[in-house]
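1. could you work out the structure for the sequence below:
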Amino acid sequence: MLIFLYGADSFRSLEKLNDLKNKYLEKNGSGTDLSVLDYGEGASFEDLSTALSAQGLFSTKRLVILKNSMLKGSTETQKGILTIIKANTALEKDADTIVTFYENGNPKKNGALYKFIFKAAKRQEFAPLEGIALTNWALDYAKILSTEISFSRNALNMLLAATGSDLNILSNEIIKLINYKNFGEINDSDVVLLVKSKVDSTMFETIEALASGNKTRALSLFHEQLTKGEDVFYVLSMYTYQIRTLLKIGDFYWQGMTSAPQIAQASGVHPYVVQKSLSQIRNLSEQKTKQMLRDLAEIDFSAKTGKVDPVLALDTFIVSL
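-> Residues are numbered from 1 along each chain as shown. Next up is the predicted model:
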């Protein structure tokens, strides 16, 4: 039997490969007839011939894994592998011998080995997850790690915007958050604290510019963030987080509480954040702050449903304030 696992999502493809290997070991004990040939580490096509001809004493099953033979193997190596596979004509229907081609990415489709294996093997492509599929994967992965942890909706959006569809990064960040939180709900501040440490002060400066009415400065900072490679949805989620924090602080300030330590204690916001935010609050009314939050929520919804371009929508948001 020939199996072909490939695709840009190397996290899930490697999970599938490990699952296949573990099931083989469970059924066949010591795994005497398990061979792993890594063509990124110098394996040759002769190694495949050796692996197929070897026969263990206690097992009638054989699993041969070829890693990155198309992505890392030379043209000569690929030709040799193809010759060996074609010579073993019974492989395609042999349930006792499983040859698995694993590629850590997308190999070139015009290669002779790729063309043959693509047609002859049971194949599965692992494309990057998007949208609700990515959201569900993150929630399921977190649940596997801990049933005591949940995500607030905005915290999850911020996390996904920060990591994108790279499950290697996303899984590491989820592990980090769960180890930090232990139990309860992971919120915006947890993600800001742990996940996006590379976010610099320009996020705070942008909100400061908006609060003071400096639209030119706010626009400049916004596009500076995009130029640095920040995902626009992450920028949007950070603006939302910052405005929501201002509103939380403002709820007490607008009622007459002006002491930063008192507001910090009453609101649950870190004293340093309260102290830095008070200068912005003084330039904002409760009505304007709530409207900003509503506008950002509308942009988020419209952008994710394809109704508006998020960059243009944020440009308009900044200019219209």
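2. use CA for all of it now, contacts and neighbours both
-> Will do.
3. beyond whichever strand or helix holds Pro261, next helix or strand please.
-> Per DSSP states H and E: Pro261 is located in helix 260-267. Next along the chain after helix 260-267, taking DSSP H and E as the criterion, comes helix 271-281.
4. buried ones in that next one, by neighbour count?
-> Of all the residues in helix 271-281, those buried under the rule 16 or more other Cα atoms under 10 Å are 271, 274-275, 277-278, 280-281.
5. output the helix or strand containing Thr83 as CSV, restricted to C-alpha atoms.
-> Assigning secondary structure by DSSP H and E places Thr83 in helix 75-87. Extracted as CSV, the C-alpha positions of helix 75-87 are listed here (Å, rounded to 0.1, in the frame of the first residue of the first chain):
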residue,chain,number,x,y,z
THR,A,75,16.8,14.3,-8.9
GLU,A,76,18.9,11.1,-9.0
THR,A,77,17.5,10.0,-5.7
GLN,A,78,13.9,10.6,-6.8
LYS,A,79,14.5,8.6,-10.0
GLY,A,80,16.0,5.8,-8.1
ILE,A,81,13.0,5.7,-5.7
LEU,A,82,10.6,5.8,-8.6
THR,A,83,12.4,2.9,-10.3
ILE,A,84,12.2,0.8,-7.1
ILE,A,85,8.5,1.5,-6.5
LYS,A,86,7.6,0.7,-10.1
ALA,A,87,9.6,-2.5,-9.9
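6. how far does it sit from the chain's center?
-> Taking the mean of its C-alpha atoms, helix 75-87 sits 35 Å from the chain's own mean (Cα atoms, centre = their mean, to the nearest Å).
7. ok and the helix or strand that that helix is followed by relative to helix 75-87, angle-wise?
-> Next helix or strand after helix 75-87 toward the C-terminus (DSSP H and E): strand 97-102. Here strand 97-102 runs at 150 degrees with respect to helix 75-87, directions being taken by axes from the mean of the first three to the mean of the last three Cα atoms, to 10 degrees.
8. helices and strands around strand 97-102, which ones?
-> Using 3 or more Cα pairs under 8 Å, 6 or more residues apart in numbering; DSSP states H and E, the elements in contact with strand 97-102 are strand 2-6, strand 62-67.
9. now do the contacts for Leu134.
-> Contacts of Leu134 were listed using Cα atoms under 8 Å, 6 or more residues apart in numbering, and they are Ser165.
10. element containing it, please.
-> In this structure, Leu134 sits in helix 131-145 according to DSSP H and E.
11. and for Arg123?
-> When the helices and strands are read off by DSSP H and E, the one containing Arg123 is strand 122-125.
12. where does this structure dip in pLDDT?
-> When residues are selected by pLDDT under 70, those of the chain lie in 29-32, 54-60, 196-201, 270, 272.
13. domain parsing for it?
-> What automatic domain parsing lists as the domains of the chain is 2-125, 131-194, 202-320.
14. what about the last one, start to end distance?
-> Chord length of domain 202-320, first to last residue, is 20 Å (Cα to Cα, to the nearest Å).
15. repeat that for the shortest one.
-> Domain 131-194 stretches 23 Å from its first residue to its last (Cα to Cα).
16. sorry, back to before: what sits up against the helix holding Thr83?
-> Contacts of helix 75-87 with the rest of the structure, by Cα under 8 Å, 6+ apart, involve 44-46, 48-49, 69-70, 91, 112-113, 116.
17. ok so, going back, in its sheet, what does the strand holding Arg123 sit against?
-> According to DSSP bridges, strand 122-125 forms sheet pairs with strand 2-6 (parallel).
18. in the stretch 151-300 of the chain, mark out all the strands, start to finish.
-> Assigned by DSSP state E, counting those that start in this stretch, the strands in the stretch 151-300 of the chain fall at 184-186.
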